[in-house]
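> next comes the sequence, and after it the predicted model I'd like to discuss.
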Amino acid sequence: MKAPIFFLFFFLSFAGRLPGQAPPSRPFLEPADTLNPVRFRTCVATGAAIYAGASFGLYHLWYKNYELTGFHTFNDLGEWNDMDKLGHTVTAYNESLLAYYGARWTGLSRPKSVALGAGVGMLLQGTVEVMDGFSEKWGFSWADIAFNTLGVGLFVGQELAWQDQRILLKLSNSRPVYSDFPVPSVDGGPPVPLSQRAEELYGSSFAEAFLKDYNGMTLWASFNLSSFSGHHKPQWLPRWLNLAVGYGAENMFSGFGNSWMDENGASYSLDAEAFPRYRQFYLSLDIDLRRIPTRKRGLRFLLGALNWIKIPSPALEVNTRGKVKLHPFYW
C-alpha cells in the first residue's frame, strides 16, 4: 500500500464534501435533498484537479527514480504475508465510501452516488496499478485488482442490501521499536542494524510509518452489533458499539522471506529461527463514530472523517506460532 497515494486519494475522496456554497436555506455541512448544481460542479472540478495533481505527484514521489518498461504483469500474491493485499481492500472500500458521502452531499441520488463511489474506488486504485505495470520494479497485479474489487464490492453490497454500512474496514498501527541487531552480510561485508533496514522500508516519520509499517499494522473488519441485532435491539446495547476482527503479521523485512539486497548490491539475510515471519488474528471492540449521537454538524463531520481508524481497546490475539495473547490496550 503506497502511503503517498493513500493520503492524497483519501483527501480527494473526501474533498467532495468541502468545496462549493450551499443555498442559504441549508447548512453548509448538511447534504442537499436534491441535486445542487453549484456543489456538484465544484466537486467535479476540484476532484479532477486533485486527481491529476495526485497522479503527477505519485509519479515523482514513487516511480520517477525507477526505470520504466513496457506494460507487464507480475504475481505478488503472498508478498508481505498478504498485508499489502488486504491493505488494497481497506483502501478501496474507504475511498468508495467517502466518495459516496461526497456525492450525497451534492444532492445526487443514492443509486447514482453508489455507482459514483464504486467508480472512484476502482479508478483511484486502478491508476496505481497502471503505473505499477509500466515500472520495472513492480508490475500490474491481478491480485491487487481482485482485492480492490473486494473492497469496492463490500461497499456496494452493503448499500444495496441495507442502505447502510454495517461492516466497516479500518486500520490501526502501533509501530514496533526495532532493535539495532546486526544483520550479517551474505557477501562477508559489514552488518547493518535491523533498525536501519526498517527505516529504509517503512520510513521514519509517524505518518509514513503509520501507513507503511506492515509489522505494526493491523487491518480490521468492524461489525456494528446493534445493526445486526434485528428489530428487537437490547436496550443496553449502544448503537455505536462494534465487534472487530483483525489481521496482522510480524517480522517482515522483505516481500518474500527476509533476504534482501541494498542499493550497492550487498546481500543480507535474517535468521528465520531468530526472526520467524508469522500471521496474527485479533478479536477486539471498536466504535462506529458515525453512530455517536450529536447535534453538532461539525463534530459529526469530524467523526465521519476519522471513522477509518480503529479505536484502541483490549484485544485477543491468536497467531500462527501457536500462541494466544491478551492485550489490555491494543492499537
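Arrived safely, thanks for sending.
> how about the helices of the stretch 101-250 of the chain, start to end?
Secondary structure of the stretch 101-250 of the chain (DSSP state H, counting those that start in this stretch): helices located at 110-133, 142-162, 194-202, 206-212.
> please put the alpha-carbon coordinates of the longest one into CSV.
This means helix 110-133. As requested, C-alpha coordinates have been extracted for helix 110-133 and formatted as CSV (Å, rounded to 0.1, in the frame of the first residue of the first chain):
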residue,chain,number,x,y,z
ARG,A,110,-28.5,7.3,-3.7
PRO,A,111,-28.2,4.9,-6.6
LYS,A,112,-26.1,7.3,-8.6
SER,A,113,-23.9,8.1,-5.6
VAL,A,114,-23.3,4.4,-5.0
ALA,A,115,-22.2,4.0,-8.7
LEU,A,116,-20.0,7.1,-8.4
GLY,A,117,-18.4,5.8,-5.2
ALA,A,118,-17.7,2.5,-6.8
GLY,A,119,-16.2,4.1,-9.8
VAL,A,120,-14.0,6.4,-7.8
GLY,A,121,-12.6,3.5,-5.7
MET,A,122,-11.8,1.5,-8.8
LEU,A,123,-10.3,4.5,-10.7
LEU,A,124,-8.0,5.5,-7.9
GLN,A,125,-6.7,2.1,-7.2
GLY,A,126,-6.6,1.2,-10.9
THR,A,127,-4.4,4.3,-11.6
VAL,A,128,-1.8,2.9,-9.1
GLU,A,129,-1.9,-0.5,-10.9
VAL,A,130,-1.4,1.0,-14.3
MET,A,131,1.7,2.9,-13.0
ASP,A,132,3.0,-0.3,-11.5
GLY,A,133,2.5,-2.0,-14.8
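> how distant is that helix from the center of its chain?
Distance, stretch centre to chain centre, for helix 110-133: 14 Å (CA atoms, centre = their mean, to the nearest Å).
> how close does Gly70 get to Val318?
From Gly70 across to Val318, the span is 45 Å (CB to CB, to the nearest Å). The C-beta positions use only the backbone N, C-alpha and C, and glycine is treated the same way.
> let me fix that, I meant to ask about Arg197.
When CB to CB is applied, the distance between Arg197 and Val318 equals 28 Å.
> show me the shaky parts of this structure.
Residues of the chain meeting the criterion pLDDT under 70: 1-26.
> that one: strands as residue ranges?
Listed from the start of the chain, the chain has strands (DSSP state E) covering 167-173, 182-183, 192-193, 217-224, 241-250, 259-261, 267-269, 278-287, 313-319, 324-330.
> re earlier: compare Gly70 and Val318 (neighbour count), which wins?
Val318 (14 against 7; other CB atoms under 10 Å).
> I figured the more buried one hits Val324, correct?
Yes: counting by CB atoms under 8 Å, Val318 does reach Val324; the two are 5.4 Å apart.
> re earlier: closest one to Val183 among the helices of the stretch 101-250 of the chain?
Among the helices of the stretch 101-250 of the chain, helix 194-202 comes nearest to Val183, with 5.6 Å by CB to CB.
> mind listing what's buried in that closest one?
Under the neighbour-count criterion of 16 or more other CB atoms under 10 Å, helix 194-202 has 194, 197-198, 201-202 buried.
> and stretch 144-159, by the same measure?
Going by neighbour count (16+ other CB under 10 Å), the buried part of stretch 144-159 is 144-145, 147-156, 158-159.
> export that stretch as PDB, just CAs?
Extracted in PDB, the C-alpha atoms of stretch 144-159 (Å, rounded to 0.1, in the frame of the first residue of the first chain):
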ATOM      1  CA  ASP A 144      -4.300  -6.300  -6.400                       C
ATOM      2  CA  ILE A 145      -7.300  -5.800  -8.800                       C
ATOM      3  CA  ALA A 146      -9.100  -8.700  -7.100                       C
ATOM      4  CA  PHE A 147      -8.600  -7.200  -3.600                       C
ATOM      5  CA  ASN A 148      -9.500  -3.700  -4.800                       C
ATOM      6  CA  THR A 149     -12.700  -5.200  -6.200                       C
ATOM      7  CA  LEU A 150     -13.400  -6.900  -2.900                       C
ATOM      8  CA  GLY A 151     -13.200  -3.600  -1.100                       C
ATOM      9  CA  VAL A 152     -15.500  -1.800  -3.500                       C
ATOM     10  CA  GLY A 153     -17.800  -4.800  -3.600                       C
ATOM     11  CA  LEU A 154     -18.200  -4.700   0.200                       C
ATOM     12  CA  PHE A 155     -19.200  -1.000   0.000                       C
ATOM     13  CA  VAL A 156     -21.700  -1.600  -2.900                       C
ATOM     14  CA  GLY A 157     -23.100  -4.800  -1.500                       C
ATOM     15  CA  GLN A 158     -24.000  -3.200   1.900                       C
ATOM     16  CA  GLU A 159     -25.600  -0.200   0.200                       C
END
